[in-house]
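Novice: give me a model of this one.
(2 chains)
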Amino acid sequence: MTAKIKSADVFVGYELTTLELSFTRSDLVDYANASGDQNPIHQDEEFAKSVGLPDVISHGMLTMGRAIKLVTDWVGDPASVIDYGVRMTRPVVVPNTPSGAIVAFTAKVVELNDDGVARIELSAICDGITVLGQAKATVQLAQ
Amino acid sequence: MNRDMVGFAYPPSEPYLVTEKSIQDFARALGDDNPAFFDVAVARELGHETICAPPTYPILVTMEAMKDAFADPALNMDFTRVVHGDQRFAYQRPIRVGDELVVVTHVDEIRSLGNNDAATFRTEVTSNGEPVCTGWSKLIVRGEA
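Specialist: Purely as a prediction, here's the structure:
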């Protein structure tokens, strides 16, 4: 694997460019079809409300899968990610509007080892609420 | 849930063939247009033989494999009350086109979390016997109100 970013070009505290993505109802249908997760809480507003949710919510795995795009776009080679984990603390509530929900993703380097392995902390915020907690990726940078 | 199941491993899943189409469908559904998923020439420039999968792609096979556990009466897990709490993947090598992914699901931990049960499953993913990825999924089973 070949990351486009060299470890010498970054430092602990280095902040990646922020990424803002919209989550629409049609995005949830697409993800349901691609992942096979057809739970109606991600598509059916009436059903979601009947089980006590404020509205349709995003698949946690869609939020997780999109957050790492911030890192993979930066590093160039998606296969440079060698470890990635999140806690799905709160759901992304997706209203039936053209722009849906907007989630802002940020990331910064929190550890950098001599072998070019960087630990990156991510955050994902929707409407002022943190939707992913303890989100961490480990990336092999170029030497 | 039945705590006696901690340490149990389910039989290996049926092999899942990784195709260009399945990687690209998954990347598209994430809204990820990274050319490394769509252009084999770009993947080769990055040092790969062929197109590699996005980091969360293995959920396709690990979630499917875990369904055997969810449906196992011996585990006694009410899947209608399940919420996905934590997810982590550690990659031994990139997943790429041509891999035949097999998953073995292990019950690592079951514990009480207030009124709820929290179960951590470890999913060991291999391709032709070669380790490619380890997943950990923590699922919260909400207790009766």
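Novice: every contact and neighbour count from this point should use C-alpha atoms.
Specialist: OK.
Novice: secondary structure element holding residue 54?
Specialist: Assuming you mean chain A. For A:Pro54, there is no enclosing helix or strand under DSSP states H and E.
Novice: wrong one, chain B
Specialist: According to DSSP H and E, B:Pro54 maps onto no helix or strand at all.
Novice: next, it: phi, psi?
Specialist: Taking degrees, to the nearest 10, you get phi -60, psi 160 for the backbone angles of B:Pro54.
Novice: likewise for B:Phe70?
Specialist: Main-chain torsions, B:Phe70, degrees, to the nearest 10: phi -60, psi -30.
Novice: correct me, but it touches B:Phe79?
Specialist: Yes - at 6.2 Å, B:Phe70 and B:Phe79 qualify as touching, with contact defined as CA atoms under 8 Å.
Novice: below-threshold pLDDT in chain A: ranges please.
Specialist: In the predicted model of chain A, residues A:1 satisfy pLDDT under 70.
Novice: tell me the residues of it that contact chain B?
Specialist: Taking CA under 8 Å from any CA of the partner chain as the contact definition, chain A meets chain B at A:1-3, A:27, A:30-31, A:34-36, A:60-62, A:64-66, A:68-69, A:73, A:77-79, A:81-89.
Novice: looking at chain A, which residue is nearest chain B?
Specialist: Residue nearest to chain B within chain A: A:Gly85 (3.7 Å; CA to the nearest CA).
Novice: residues in contact with that residue?
Specialist: A:Gln134, A:Ala135, A:Lys136, A:Ala137, B:Asp86, B:Gln87, B:Arg88, B:Phe89 (CA atoms under 8 Å, 6 or more residues apart in numbering or on different chains).
Novice: quick check: bridge partners of it?
Specialist: A:Lys136, B:Arg88 (DSSP bridges).
Novice: re the thing from before, can you flag the buried ones in the contacts of A:Gly85?
Specialist: Buried members of those, counted by 16 or more other CA atoms under 10 Å in any protein chain shown: A:Ala135, A:Lys136, A:Ala137, B:Asp86, B:Gln87, B:Arg88, B:Phe89.
Novice: farthest pair in the residues you listed?
Specialist: A:Ala137 and B:Asp86 (13.8 Å; CA to CA).
Novice: chain B against chain A: which residues are in contact?
Specialist: Neighbours of chain A within chain B, by CA under 8 Å from any CA: B:25-26, B:29-32, B:34, B:36, B:46-48, B:52-56, B:59-60, B:84-94.
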